[in-house]
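**Student:** Please find the sequence and the predicted model below.
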Amino acid sequence: MLRTELPRIITEELPGPKAKKIIERRGKSVPSAIRCVYPVVIEKGEGAMIEDVDGNYFLDWIGGVGVLNIGFSHPEVVEAVKEQADKYFHGMFNVVTHEGYVELAEKLAQIAPVKGEQKKVFFANSGAEADENAVKIAKAFTKRPNIIVFSGAFHGRTLLTMSMTSKKAYAVGMGPFPDGIYRAQFPYYYRNPEGMPQEKAVEYYVKSIRDVFEQCAPADTIAAMVVEPLQGEGGFIPAPIEWVKAVRQICDEEGILLVADEVQSGFCRTGRMFATEYWKEAGVQPDIIATAKSIAAGVPLSAIIAREEIMEAPAPGTIGGTFCGNPLACAAALKTIEIMERDHLAQRSLEIGEKVMTRYREWMEKYPIIGDVRGLGGMVGIEFVKDQTTKEPAPELTSAIIQECAKHGLMVEGAGTYNNVIRFLAPLVMTDEQLEAGLKIMEAAVASVC
């Protein structure tokens, strides 16, 4: 059975002959800006494993970039989608009510750790749409025009969200951009300003928010601050709880909404159903959560969750869309959440994350190209540098490690402001044997380039 297999490459080279032909066809018919560096053409996926068209087995630690927390092709989700497909594929929610949308909204309102007693939920199709709608709602509620985002942030590729995104490699040639978007410093403790004592770090990063008020836009013009509880593309950097508390306090003082971008960190990835449950445990909560990725096990869906008074602010017709809350996606999401709760995947995420962090930290003692290891639960980043003292980023080494892993049947993906981080986003249904096999492949790759 594919879901229990281990990585195995049977072709003399990668891509194999069948995959090579399809990749060549891709090059002729698909824009090259939609980049892919992996020599893999998927034939079948189960659990954390991919079988390619040539019969090679790859262990996938990318998981569709965080979409496959319950793995490829979970049989119960497949059955739920089939059952819904037998009834109807589509029913636009602005036209006809379907119960799956209502039931899923009720479920997310129950489990999402946003402020407020009575919560409401609506759906979109992607993480970028969720973030964009969260901003729209915040502006409607506060009647303010501006937002604050942070260094290292990634929020999407629509015109608004690529403007919110920090790394402008994702926005080359796409301007002019919307105004009213201001950027403060995200607490990247590993790269604090040289000589700054750690006890001054929170104060330094909070001051960068107040600098926005002073230099860019007064606090009473800011509708929302949008924060990733654990930055994804920025390098898998957790937002320190002490900083989150300070941000929450500023928001409360100034009438600003705190939006948590849980597109990548939601649905058991960090050891909780939502990463913002860690915030709630510390006594702070976001006003709005925008989430997507693993919500429906690969069927396109995203969600925006907030308390009732916020959700009732937008004017009729300003939110929603043709495919938002598609019945097939809602059926998949309901079954996905049921499986996550029943099978304790948040706990499994903690177990996997602990093993990965322990191994990565051991490597950091052995290999001088590893500068930092960080994360929450099963969302772990490992940062590569040319020198542990200077911390100079090593993007070329990182790319070489990624390619070396792929040659031996392990798929890992880069991240980070400097393209020198490898992210761990493996499906949480991965077996212990697969985890160990992947760690061995990855260490061999690190050793080979060190």
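**Tutor:** Nice, I can see it.
**Student:** CA only for contacts and neighbour counts going forward, please
**Tutor:** OK.
**Student:** okay, now I256: neighbour count?
**Tutor:** Counted with other Cα atoms under 10 Å, residues neighbouring I256 total 26.
**Student:** Hmm, A223 and it touching each other?
**Tutor:** Yes. I256 is within contact range of A223, at 5.3 Å (criterion: Cα atoms under 8 Å).
**Student:** if I look at the two, which residues touch both of them?
**Tutor:** Residues touching both I256 and A223 (Cα atoms under 8 Å, 6 or more residues apart in numbering) are T142.
**Student:** which residues touch the residue nearest to P218 when sequence neighbours are not counted?
**Tutor:** The shortest distance from P218 to any non-neighbouring residue, by Cα to Cα, 6 or more residues apart in numbering, is to V212 (7.6 Å). The neighbours of V212, taking Cα under 8 Å, 6+ apart as the test, are Y182, R183, A184, P218.
**Student:** Report pLDDT for V212.
**Tutor:** pLDDT recorded at V212 is 98.
**Student:** separation between it and M92?
**Tutor:** Relative to M92, V212 is positioned 41 Å away (Cα to Cα, to the nearest Å).
**Student:** What of V385?
**Tutor:** When Cα to Cα is applied, the distance between V385 and M92 equals 50 Å.
**Student:** and what of A282?
**Tutor:** Taking Cα to Cα, one finds A282 at 39 Å from M92.
**Student:** Of those two, which one has the most company?
**Tutor:** M92 (16 against 13).
**Student:** Now do the contacts for the residue nearest to the more buried one when sequence neighbours are not counted.
**Tutor:** Leaving out its chain neighbours, the residue that sits closest to M92 by Cα to Cα, 6+ apart is T322, at 5.7 Å. By Cα under 8 Å, 6+ apart, the contact list for T322 reads M92, F93, N94.
**Student:** Helices along the stretch 1-150 of the chain, start to end?
**Tutor:** 17-29, 63-66, 75-85, 99-111, 127-142 (DSSP state H, counting those that start in this stretch).
**Student:** To P7, which of the ones you listed lies closest?
**Tutor:** helix 63-66 (15.0 Å; Cα to Cα).
**Student:** which stretches of the stretch 251-400 of the chain form strands?
**Tutor:** 257-262, 288-291, 302-307, 370-376, 379-384 (DSSP state E, counting those that start in this stretch).
**Student:** and these as CSV, adding distance to V53, mean neighbour count and mean pLDDT?
**Tutor:** Shown next, in CSV, are the strands of the stretch 251-400 of the chain (distance: least, Cα to Cα, whole Å; neighbours: other Cα atoms under 10 Å; pLDDT from 0 to 100):
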stretch, distance to V53, mean neighbour count, mean pLDDT
strand 257-262, 34, 28, 98
strand 288-291, 33, 30, 98
strand 302-307, 31, 27, 98
strand 370-376, 34, 22, 98
strand 379-384, 29, 28, 98
